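Novice: structure here, sequence nowhere to be found:
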């Protein structure tokens with residue numbers, strides 16, 4: 001196990017205590033749209049697999065995925081259920097993981113990704129934003145020799161004169177286009193960095209917790225992180241469970257709510273993300289607010305404890 005993954009899991013384990021009482025768990029699950037197991041129900045309970053398979057991640061996503069896996073461990077422990085977590089043998093990009101979960105014979109049980117109405121309709125969402133909304137805090141990769149171009153951008157009309165790059169099936173693509181921003185898409189994740197380097201588009205918006213590792217993973221492309229802008233739109237990154245495992249979704253909901261209730265969730269997020277917010281000087285950036293037409297209506301925006309505070313107010 002890599003050293004930093006061990007440290008994150010130790011931090012998660014140190015935050016654990018007793019799980020929520022069953023009555024409280026039922027209230028939480030009802031509010032979030034999940035159905036917790038009922039020990040009083042007649043008949044024998046449905047068989048529940050003792051394993052939870054999740055997709056092995058790409059190397060450049062290592063640090064934030066270690067955090068998500070640590071939360072997955074912690075939530076399952078706090079739920080009171082016993083599971084063994086198993087990664088897939090091969091690495092999976094987001095699009096493959098989502099197709100796998102929705103297939104008739106899925107090879108994975110849980111995955112973390114940005115929510116949208118289609119994903120909430122076909123999969124079982126655990127409506128706690130694992131990143132406290134930071135998936136919607138977007139910094140921009142640019143070419144190193146063109147890093148000052150975004151300093152001239154004052155508003156969305158200025159930004160609309162430039163072209164962003166994104167994957168064809170990411171929700172971010174639809175969000176950018178809904179705000180009048182041109183987008184060049186690709187079906188190949190790694191290829192986006194080469195496309196940016198070659199000038200096929202002008203900037204590549206990435207979340208604040210993804211951008212550093214991605215920049216370091218493609219040094220040959222001579223890219224840089226713009227220091228002027230923060231693109232912000234409300235977004236949530238959830239754990240999603242495949243449809244055939246509603247009991248797992250209920251257990252994860254109960255466990256995550258326990259971590260929120262005792263402050264462990266906020267402490268763990270600050271351990272990983274607090275330094276990023278400071279280092280990228282978010283309070284000194286020009287914030288361009290985008291609307292997110294894909295945000296499902298049941299997103300818990302009114303629960304302030306679940307979200308990272310945006311400088312200047314939400």
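Specialist: Yes, it's here. Bear in mind the structure is a predicted one, so any value in this text is a computation, not a measurement.

Novice: in this structure residue 72 contacts residue 85, no?
Specialist: Yes. Under the criterion of C-beta atoms under 8 Å, residue 72 makes contact with residue 85 at 6.6 Å. Heads up, the C-betas are built off the backbone N, CA and C, glycines and all.

Novice: with neighbour numbers in mind, choose between these two.
Specialist: Shown here are residue 72 and residue 85; by other C-beta atoms under 10 Å, residue 72 has more neighbours (23 against 14).

Novice: for the more buried one, helix, strand, or coil?
Specialist: On the three-state scheme (DSSP: H, G, I helix; E, B strand; the rest coil), residue 72 is labelled helix.

Novice: for residue 153, see how far away it is.
Specialist: 38 Å (C-beta to C-beta, to the nearest Å).

Novice: ok, now residue 171?
Specialist: Distance of residue 171 to residue 153, computed by C-beta to C-beta: 23 Å.

Novice: which neighbours do residue 72 and residue 85 share?
Specialist: In the contact map built from C-beta atoms under 8 Å, 6 or more residues apart in numbering, the residues linked to both residue 72 and residue 85 are 52, 54.

Novice: and residue 124, how many neighbours?
Specialist: Residue 124 is surrounded by 25 other residues when neighbours are defined as other C-beta under 10 Å.

Novice: er, residue 222 I mean
Specialist: Residue 222 sits with 11 neighbouring residues when counted by other C-beta under 10 Å.

Novice: residue contacts, it?
Specialist: With C-beta under 8 Å, 6+ apart as the criterion, the residues that contact residue 222 are 143-145, 197.

Novice: what's the ChimeraX line that selects buried ones from those?
Specialist: This is how ChimeraX selects the buried members of the contacts of residue 222, with burial counted by 16 or more other C-beta atoms under 10 Å:
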select :143,197
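
Novice: quick one: which two of the contacts of residue 222 are the most distant?
Specialist: Using C-beta to C-beta, those reach their maximum pairwise distance at 145 and 197, which is 10.1 Å.

Novice: what ranges do the helices span in the stretch 1-150 of the chain?
Specialist: Assigned by DSSP state H, counting those that start in this stretch, the helices in the stretch 1-150 of the chain fall at 3-14, 22-32, 62-79, 94-102, 117-122.

Novice: distance-wise, check residue 254 relative to residue 264.
Specialist: With C-beta to C-beta as the criterion, residue 254 and residue 264 are 14 Å apart.

Novice: could you give the separation of stretch 101-115 from the chain centroid?
Specialist: 14 Å (C-alpha atoms, centre = their mean, to the nearest Å).

Novice: list the buried ones in that stretch?
Specialist: So, applying 16+ other C-beta under 10 Å, buried residues of stretch 101-115: 101, 106, 108-115.

Novice: could you export the residues you listed as a markdown table, including pLDDT?
Specialist: Compiled in a markdown table, the buried residues of stretch 101-115 are given as follows (pLDDT from 0 to 100):
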| residue | pLDDT |
| --- | --- |
| 101 | 85 |
| 106 | 85 |
| 108 | 92 |
| 109 | 94 |
| 110 | 94 |
| 111 | 92 |
| 112 | 92 |
| 113 | 90 |
| 114 | 89 |
| 115 | 92 |
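
Novice: tell me which two of the residues you listed sit farthest apart.
Specialist: By the measure C-beta to C-beta, the buried residues of stretch 101-115 have their two most distant members at 106 and 114, which lie 19.7 Å apart.

Novice: which stretches of the chain have low pLDDT?
Specialist: Scanning the chain for pLDDT under 70 picks out the ranges 1-48, 58-63, 312-314.

Novice: could you measure the residue nearest the centre of the chain against residue 174, distance?
Specialist: Within the chain, one residue has its C-alpha closest to the average C-alpha position: by C-alpha atoms, centre = their mean, that is residue 237, at 3.3 Å. Computed with C-beta to C-beta, the distance linking residue 237 and residue 174 is 16 Å.
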